[in-house]
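[1] what follows is a predicted structure for the sequence shown.
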Amino acid sequence: MATVAEQWVLVEMVQALYEAPAYHLILEGILILWIIRLLFSKTYKLQERSDLTLKEKEELIEEWQPEPLVPPVSKDHPALNYNIVSGPPSHNIVVNGKECINFASFNFLGLLDNPRLKAAALASLKKYGVGTCGPRGFYGTFDVHLDLEDRLAKFMKTEEAIIYSYGFATIASAIPAYSKRGDIVFVDKAACFAIQKGLQASRSDIKLFNHNDMDDLERLLKEQEIEDQKNPRKARVTRRFIIVEGLYMNTGTVCPLPELVKLKYKYKARIFLEESLSFGVLGEHGRGVTEHFGINRLSGQGYCFSASLPPLLAAAAIEALNIMEENPGIFAVLKEKCKRIHKALQGIPGLKVVGESISPALHLQLEETTGCRERDVKLLQEIVTQCMDRGIALTQARYLEKEEKYLPPPSIRVVVTVEQTEEDLEKAASTISEVAQTVLL
Amino acid sequence: MADPGGGAVCNGTLHNQSASDCHRGNCWKNGVVKESQQNGNSNFYKPFVESFEEAPLHVMVFTYLGYGIGTLFGYLRDFLRNSGIEKCNAAVEREEQKDFVPLYQNFENFYTRNLYMRIRDNWNRPICSAPGAVFDVMERVTDDYNWTFRFTGRIIKDVINMGSYNFLGLAAKYDESMRTVKEVLETYGLGVGSTRQEMGTLDKHKELEDLVAKFLNVEAAMVFGMGFATNSMNIPALVGKGCLILSDELNHASLVLGARLSGATIRIFKHNNMQSLEKLLRDAVIYGQPRTRRAWKKILILVEGIYSMEGSIVRLPDIVALKKKYKAYLYIDEAHSIGSVGPTGRGVVEFFGIDPRDIDVLMGTFTKSFGAAGGYLAGRKDLVDYLRTHSHSAAYATSMSPPVAEQIIRVMKLIMGLDGTTKGLQRVQQLAKNTRYFRQRLSQMGFIVYGNEESPVVPLLLYMPAKVAAFARHLLERKIGVVVVGFPATPLAEARARFCVSAAHTREMLDTVLEALDEMGDLLDVKYSRNRKSARPELYDEMSFELED
């Protein structure tokens, strides 16, 4: 039965073939021939790969000369003739064999030499040894770390705090933790190098606004809002951040936080506040720029891939917080001294003071540059060396010239600490003045 | 003696460095190392024994099944939380900021919220003593399934520490040998308050750098305050746009970050695979940059000495041969291997008997074997000079704290024998003995253990996430502290427990741990290895039947 049915179907097929129109058969025939041709033709190869013979390849390998791993550095590069400090970098510092008063180390509250800190660190050394031998996730969390984080959170009046073992890494890791590719970040042009590196690692869109210029920032935020309205779905998922420093290291100015907070709520952006200089300096109790302006903080968290802070340093930090809490008068004293030196350094011929009067880290820049950065640096270095000869330790602010986006002009860094007495401040001002006169005029 | 294609050798003695050692003032000729050279036992020519056994199929199936079920439950719980049926414990936005774009997208946190949170109590365990061979763990309990923890106030004392990186056993509470650290703390204080280029270079740093250079047998060295930052801030100073970085698949986050920040092109070769590396090198030199065909400015190979998650040791002789042939530069990160491998503890370079001058950049950290903190970079003098001027860390970051520097100085002198005793060398040898013993016993028991048989980092594979949690919790009950690692630090299906053997572990401690592991292995059924070695290898090792002379 099956074969008859098959044959019957075959007959029908052959009949259909005869009855089909000619163009149809010709078209099908051409298509079949084309398919056969494609099946048997060679695959399309990229000609380049097979062009070089083995001998040519070996020759290329022989001939290639890479650049040297590091370019040569001139012997009188300032960073190679660095200052060596013998002994502790305290108020009376011994630099390159000379005894000077220290106006160069960041020691605002004079805690580098404090015996209570040393005692706390010593107790911690006795109990824990030096290192933690592991990251926070793998038994590197000590009770001292948890204590310090608690105390910091209470001190700064935030929900939680987290500590890193390296100052530079803190902001450079925190920024990419929150701000990822596709997010938008508004940064001040005078932001420090650590922030720049954090932004580079985060791969977000960066929009720079002029230093402390709230109108410029508002303009950028408005532009962004217009963009958002064009694409509301994307806008719902892109996060916005504003990154500012409490006290700018490069210019010594304070950020206008109240205006920033207004802008934040108006344009719905989050604020990242970097307070390495303003913590322990500004505000009545040293809580930083938010206390200075009377504003509340928001919470934040982060993650760390590296060994935790040695416990003796954490214990010392706790003790430092203790001192700061017991002794809030110290901040007013620091403010006074800052104002005093700011006034005393005004009017030095040839040098101008950059920085607000309450900033403990000031810059002294040349009033008129010679036009060439190298010569400026040499002049300032001459001033610094002569000041050191006369017993005042100063340093130039150092930058990586090729790496900074907005390289600040060369300057001498002057750091004020509570340990400096009236006479010290007077002596410093007069020494700098004399030296500047001899060198610059 | 097997010859892994390293180089020409006839009588088993290292002829490439014995002459140069004497005038570098190094005592290698008198002591253990010379003996090993005479016996021809240098690791350059010993067979490289590494194993990465694959798990049986049913294990992989169950692992993925486990993750699948976890994910399903995760969706269910998310649904319950979103619809308000279940209370949500995660961090919430403040009232005024409710209409801001959320900080964490829901999906990014899915894994953290639903899978990691369940077993979170095995990480970040706080301790309250020095991380020595035994330590005290603070007891903590959770009332809401790991969302928050509460300390009961009790301390679990004398837990055997198999988790901290304490290879030479030098992280311990204070004893007389640390007297110099105490003195430095009292004289110098704790902080420096300035960067290296400004006012932050103390005489202590200079002393430390000279000592590190002597320890490693190189011309100069520079130290930094943090190991992670040593990589992430100095690789951008060495390479930039137009250069090529060839990085191993399993490199640490700091190397990856440094490579990304530098702006160079990054190509990845398979883990420890020399064919893959050679192919990349050939293609790079022959074909140049991708579209313009210009030659690359420099090629930098980034590898690590010991890889912390795999326990494998880099194939250094092969890489050095490749680097010389193709004129590339080699950057080796000896974070885990400095102080812990090599006959006198000088790292993988000594382990293989290679001249340190062949390696362009030697990097390492002081956190692991030295019980301190910080990192170093060492090499030729012009390299270090360049770094002093161009490193991001030298210009912007505070320098290392003086007591930490003193601890490193003290430990280095101990290892080098400069304090007049052989205590340092004994520690190094004890570590090697402990490592071999521990690894042998583990593979005899039938666990799958990854890595080289000489590496003190021992990963033991567990695969399933639930077993990972059970393993860590049970062992803590038996007073053994282990570290378990899962995704994202390891591939999804290869969760593992990672042991760090220390010179401070005594034979009894190791035996206690091994017994506990044996029982754990039977309880949780993690003895997956199909190559269980017998405890009496002499019976089947043919070599021993021949008469040795």
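    Structure's in. What do you need?
[2] and B:Ser393, that's in a helix?
    Yes. Under DSSP: H, G, I helix; E, B strand; the rest coil, B:Ser393 sits within a helix.
[3] what's the neighbour count on B:Lys173?
    By the criterion of other Cβ atoms under 10 Å in any protein chain shown, B:Lys173 has 13 neighbours. (Glycine included, C-beta is placed from N, CA and C.)
[4] for the closest residue to it other than its chain neighbours, list the residues it contacts.
    Of all residues beyond its chain neighbours, the one nearest B:Lys173 is B:Ala130 (4.4 Å), with distances taken as Cβ to Cβ, 6 or more residues apart in numbering or on different chains. The contact partners of B:Ala130, taken as Cβ atoms under 8 Å, 6 or more residues apart in numbering or on different chains, are A:Lys127, A:Tyr128, A:Gly129, B:Ala171, B:Ala172, B:Lys173.
[5] please, which helix or strand holds B:Ala130?
    For B:Ala130, there is no enclosing helix or strand under DSSP states H and E.
[6] can you give me the strands in the stretch 51-200 of chain A?
    A:85-86, A:92-95, A:98-102, A:141-142, A:184-188 (DSSP state E, counting those that start in this stretch).
[7] for residue 51, grab the count of nearby residues.
    Answering for chain A, as no chain was given. Neighbours of A:Asp51 under the rule other Cβ under 10 Å: 8.
[8] I was after chain B.
    B:Ser51: 15 surrounding residues under other Cβ under 10 Å.
[9] now it: closest residue in space, sequence neighbours ignored.
    Excluding its sequence neighbours, the residue lying closest to B:Ser51 (Cβ to Cβ, 6+ apart) is B:Tyr450, at 7.0 Å.
[10] now B:Leu80
    Excluding the flanking residues, the one nearest B:Leu80 by Cβ to Cβ, 6+ apart is B:Glu86, at 4.2 Å.
[11] check B:Ala466 too.
    Nearest to B:Ala466 is B:Gly66, by Cβ to Cβ, 6+ apart, at 6.2 Å.
[12] now do the same for the residue nearest to A:Glu245 when sequence neighbours are not counted: its pLDDT.
    Nearest residue to A:Glu245, sequence neighbours excluded (Cβ to Cβ, 6+ apart): A:Glu274, at 4.6 Å. On pLDDT, A:Glu274 comes in at 85.
[13] ok, A:Glu274 touching A:Leu247?
    No. Contact between A:Glu274 and A:Leu247 fails when scored by Cβ atoms under 8 Å: they sit 9.3 Å apart.
[14] next secondary structure after the helix or strand of chain B with the lowest mean pLDDT?
    Lowest by mean pLDDT, DSSP states H and E among the helices and strands of chain B is helix B:32-38, with a mean of 36. Next helix or strand after helix B:32-38 toward the C-terminus (DSSP H and E): strand B:50-51.
[15] what pairs with that following strand, parallel or antiparallel?
    strand B:451-452 (antiparallel) (DSSP bridges).
[16] number of nearby residues for A:Glu434?
    14.
[17] now stretch B:381-394: how far from the chain's centre is it?
    On the basis of Cα atoms, centre = their mean, to the nearest Å, stretch B:381-394 is displaced by 25 Å from the centre of the chain it belongs to.
[18] repeat that for stretch A:282-292.
    Centroid separation between stretch A:282-292 and its chain, computed with Cα atoms, centre = their mean, is 22 Å.
[19] how long is stretch B:240-253 from one end to the other?
    19 Å (Cα to Cα, to the nearest Å).
[20] now B:Leu168, what's its secondary structure?
    coil.
[21] now do the lengthiest helix in chain B: which elements does it pack against?
    Looking across chain B with DSSP state H, the single longest helix is helix B:57-82. Secondary-structure packing of helix B:57-82 (3 or more Cβ pairs under 8 Å, 6 or more residues apart in numbering or on different chains; DSSP states H and E): strand B:457-463, helix B:465-477.
[22] quick check: pLDDT value at the closest residue in space to B:Asp358 that isn't next to it in sequence.
    Ranked by Cβ to Cβ, 6+ apart and with sequence neighbours excluded, the top spatial neighbour of B:Asp358 is B:Val320, at 5.2 Å. At B:Val320, the model reports a pLDDT of 94.
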